[in-house]
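Asker: below: sequence and its predicted model.
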Amino acid sequence: SSINPTIQQPVAAGEEEEEEVLSSEQYSCVSRQQLQIIRSSYSSSKPSPFLLSRLKEYEQRHKRCDPFSASFNRSSRELKPEEDEAENYCRYIVWTPVNGLGNRMLSISSSFLYALLTNRVLLVDFGPDMVDLFCEPFHNSTWFLPRDFTFKGRANTQLLRREEEQKKEMPYVASLLQLFLSYDNDDYDKLFYKSETQPLLKKVPWLVLRSDQYFAPYLFLMPCFRAELDRMFPDDKETVFHHLGRYLFSPSNQVWGHIIGFYDAYLAKADRRIGLQIRVFSLDKTPASLILSQVINCIQEESRITTTTTTASSSGRNRTTTTTAILVASLLGQFYTELNRMYKEWNEKAGATVVGVYRTNHEEMQVLGSSSHNMKALVDIYLLSMCDVLVTSPRSTFGYVAHGLAGLTPWILQSQDIEDEEQRVKEPACRRGVSKEPCLQFHANYYDTSPDHREAGGPVPVIMDCEDFQYGLKLV
Ligand code: GDP
């Protein structure tokens, strides 16, 4: 039987197909079960009981307010600002896509955390390039915004600006507000990051978010959310994305077929799996040869590849071979080719296959709007997240998602720029990251920015500067 059900996007409530109930078979998600088994052998971090109870509560709310519900029907038809504070009034945050898949997964998980904190329901406006990537996260429900939902045109301006400008003379509450939390957001957009803006936002039933950022860390800096976040993540702030990402994202059966097929064939049997994520933003600034040397230095500097262990026995000396699988994830094919050649020679000298070098694909360039391209990207992200050691590229959200899902602190390659280094590899070639968390690259400065206040011992000891991004922030 097929393990590849296609989950239909719902149409808006009120239409004929509204009655259609999705069968539980359509929700069977093979990756969810299999990842749980694979991960149980190496993941020790567990979500707090409070977070689990909030997730359970969320699932009930999602079911009550989802696009098949009468509440959704009423709310989307009327699009009225909320007058009453009724407990079960449904409020939404609609996620819309910007930028690459790594950016998108980070902003989806941040939106979900915001939904948890503000009792909203997260719906996603996935285009054709994303609908086949993930299983539905919420059992017996859907997170897809109906295709014909027409917020476009109703919220095409920065309404926070209007709110701010009109506040003094005419208190005005919008029914639908578009939030921009992207790398190019302006001072009005950044008002979102002020605790004082939140009561206003609370009255708006529909928030439409356009963000490519992992803005979750900033929520910890906002006094209005801090107590609740401390209860959700009482000890370990560096597993926020780890838990939320694992909860939300399960590759669809179609994508999972590729992941598990590759994993079983090449990675599962190795004693050690090293994931190399090589993202090149500009070959003009950093030639491939320089990056390759850097990657090799990084692997060797830290002796991350243990090839053999020798044990003594009564009959003499026994050699026990430890095998290492290296997964090379990159848009560019040449890194795999070179590393494969290098380790083939190594294996010949060793007289055994001690290091295997593998890759799934090499797309050569980033493509926006392509489903098959995004599927390949997701395959790489998940295979990386199933490795034991990760070497990632600086500033890449693709790498952030991989190590966040893995729950690993990565080795981050140093930013390398030929203009200042004359093609010499910087030393050390890579550094251990400060945290398992992704970096929030662009944000607002509505908090005390002095280093003392961000590092351990200050009033917000859970946030530090990112290792790879100036002015970036991350949870530690
Ligand atoms: P970032 O640009 O590195 O921050 O990461 P994004 O994921 O936001 O955007 C880069 C996009 O390029 C990805 O979504 C993929 O479409 C593609 N890409 C980058 N690196 C890889 C890779 O290692 N494997 C595959 N298959 N695609 C990649």
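Answerer: Nice, I can see it.

Asker: list the contacts of the residue of the stretch 51-200 of the chain found nearest the ligand.
Answerer: Of all residues in the stretch 51-200 of the chain, the one sitting closest to the ligand is Gly100 (1.9 Å; Cβ to the nearest ligand atom). All C-beta atoms are positioned from the backbone trio N, CA, C, and that covers glycine. Contacts here follow Cβ atoms under 8 Å, 6 or more residues apart in numbering; on that basis Gly100 touches 366, 368, 377, 397-398.

Asker: for those, which one is nearest Tyr188?
Answerer: Comparing those against Tyr188 with Cβ to Cβ picks out Thr397 as the nearest, at 24.6 Å.

Asker: what parts of the stretch 1-150 of the chain come near the ligand?
Answerer: Residues of the stretch 1-150 of the chain found near the ligand (Cβ under 6 Å from any ligand atom) are 99-103.

Asker: ok, Phe225 - how many residues close by?
Answerer: Look at Phe225: counted by other Cβ atoms under 10 Å, it has 20 neighbours.

Asker: give me the pLDDT for it.
Answerer: Taken from the predicted model, the pLDDT recorded for Phe225 is 95.

Asker: and the contacts of stretch 242-258?
Answerer: Under Cβ under 8 Å, 6+ apart, the answer for stretch 242-258 is 3-5, 28-32, 34-35, 39, 45, 47, 51, 55, 105, 108-109, 112-113, 132-135, 137, 216, 259, 360, 375, 378-379, 382, 401, 404-405, 407, 436-437.

Asker: using CSV, please lay out the contacts of Gly100 together with neighbour count and distance to the ligand.
Answerer: Converted to CSV, the contacts of Gly100 look like this (neighbours: other Cβ atoms under 10 Å; distance: Cβ to the nearest ligand atom, whole Å):
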residue, neighbour count, distance to the ligand
Gln366, 14, 4
Leu368, 12, 8
Ala377, 25, 4
Thr397, 24, 3
Phe398, 24, 4
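
Asker: as a markdown table, these with pLDDT and distance to Tyr92 would be great.
Answerer: Putting the contacts of Gly100 into a markdown table (pLDDT from 0 to 100; distance: Cβ to Cβ, whole Å) gives the following:
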| residue | pLDDT | distance to Tyr92 |
| --- | --- | --- |
| Gln366 | 88 | 30 |
| Leu368 | 87 | 26 |
| Ala377 | 97 | 28 |
| Thr397 | 98 | 25 |
| Phe398 | 98 | 28 |
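
Asker: ok, the residue lying closest to Ala329 once chain neighbours are set aside - contacts?
Answerer: Of all residues not flanking Ala329 in the chain, Asp380 sits nearest, at 4.1 Å (Cβ to Cβ, 6 or more residues apart in numbering). Each residue near Asp380 by Cβ under 8 Å, 6+ apart is listed here: 277, 329, 360-361, 398, 402.

Asker: compare those and tell me which is most surrounded.
Answerer: Within these, most neighbours by other Cβ under 10 Å means Ala329, with 30 neighbours.

Asker: surely Asp212 and Gly102 touch.
Answerer: No: under the criterion of Cβ atoms under 8 Å, Asp212 makes no contact with Gly102, lying 9.1 Å away.

Asker: any shared contact partners between those two?
Answerer: Thr397.

Asker: circling back to that earlier point, closest to Lys349 among the residues of the stretch 1-150 of the chain next to the ligand?
Answerer: Among these, and counting by Cβ to Cβ, the member closest to Lys349 is Gly102, at 37.3 Å.

Asker: how about the secondary structure of the closest one?
Answerer: At Gly102 the chain is in helix, as set by DSSP: H, G, I helix; E, B strand; the rest coil.

Asker: ok so, going back, can I get the contacts of Asp380 in CSV with distance to Thr321 and secondary structure?
Answerer: Below are the contacts of Asp380 laid out as CSV (distance: Cβ to Cβ, whole Å; DSSP: H, G, I helix; E, B strand; the rest coil):
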residue, distance to Thr321, secondary structure
Gln277, 27, strand
Ala329, 25, strand
Thr360, 25, coil
Asn361, 29, coil
Phe398, 33, helix
Ala402, 28, helix
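
Asker: confidence-wise, which of those comes last?
Answerer: Among the contacts of Asp380, Asn361 has the lowest pLDDT, at 86.

Asker: phi, psi for that residue please.
Answerer: The phi/psi pair for Asn361 (degrees, to the nearest 10) reads phi -160, psi 170.

Asker: quick check: chain neighbours aside, which residue is closest to it?
Answerer: Lys376 (4.7 Å).

Asker: before we move on, which element is the one you found in?
Answerer: helix 371-385 (DSSP states H and E).

Asker: what is the mean pLDDT for the helix or strand that that helix is followed by?
Answerer: Per DSSP H and E, the first helix or strand lying C-terminal to helix 371-385 is strand 389-392. Mean per-residue pLDDT for strand 389-392: 95.

Asker: what helices or strands is strand 389-392 leaning on?
Answerer: Judged by 3 or more Cβ pairs under 8 Å, 6 or more residues apart in numbering; DSSP states H and E, strand 389-392 is in contact with strand 272-278, helix 288-301, helix 397-406, strand 411-413.

Asker: can you list the buried residues in it?
Answerer: 389-392 (16 or more other Cβ atoms under 10 Å).

Asker: hmm, that strand touching the ligand?
Answerer: No: contact of strand 389-392 with the ligand is not found when judged by Cβ under 6 Å from any ligand atom; the minimum separation is 9.6 Å.

Asker: model confidence over stretch 127-138, on average?
Answerer: pLDDT averaged over stretch 127-138 gives 97.

Asker: so what touches it?
Answerer: In contact with stretch 127-138 (Cβ under 8 Å, 6+ apart) are residues 6-7, 9, 27, 29, 31-32, 59, 62-63, 66, 97, 101, 104, 124, 126, 142-144, 247-255, 368-371, 373-375, 378.

Asker: switch the cut-off to 6 Å
Answerer: If you take Cβ atoms under 6 Å, 6 or more residues apart in numbering as the criterion, stretch 127-138 is touched by 7, 27, 29, 59, 62, 142, 248-250, 252, 369-371, 374, 378.

Asker: and Asp184, its phi and psi?
Answerer: Dihedral angles for Asp184 - degrees, to the nearest 10 - are phi -110, psi 30.

Asker: all further residue positions should be reported with the first residue as 36.
Answerer: In the new count, where the first residue is 36, that last one comes out as Asp219.

Asker: what is the burial count for it?
Answerer: Using other Cβ under 10 Å, Asp219 has 9 neighbouring residues.

Asker: quick check: buried residues in stretch 224-240?
Answerer: Buried residues in stretch 224-240, counted by 16+ other Cβ under 10 Å: 224-228, 232-233, 235-237, 239-240.

Asker: please apply the same query to stretch 162-175.
Answerer: 164-173.

Asker: out of these, who's nearest Phe255?
Answerer: Pro172 (23.0 Å).

Asker: what helix or strand does the closest one sit in?
Answerer: Assigned by DSSP H and E, Pro172 falls outside every helix and strand.

Asker: how about Ala209?
Answerer: Assignment of secondary structure by DSSP H and E places Ala209 within no helix or strand.

Asker: I figured it hits Val239, correct?
Answerer: Yes: between Ala209 and Val239 a contact is recorded at 5.4 Å, counting by Cβ atoms under 6 Å.

Asker: against Leu235, how distant is Ala262?
Answerer: Distance from Ala262 to Leu235, counting by Cβ to Cβ, to the nearest Å: 20 Å.
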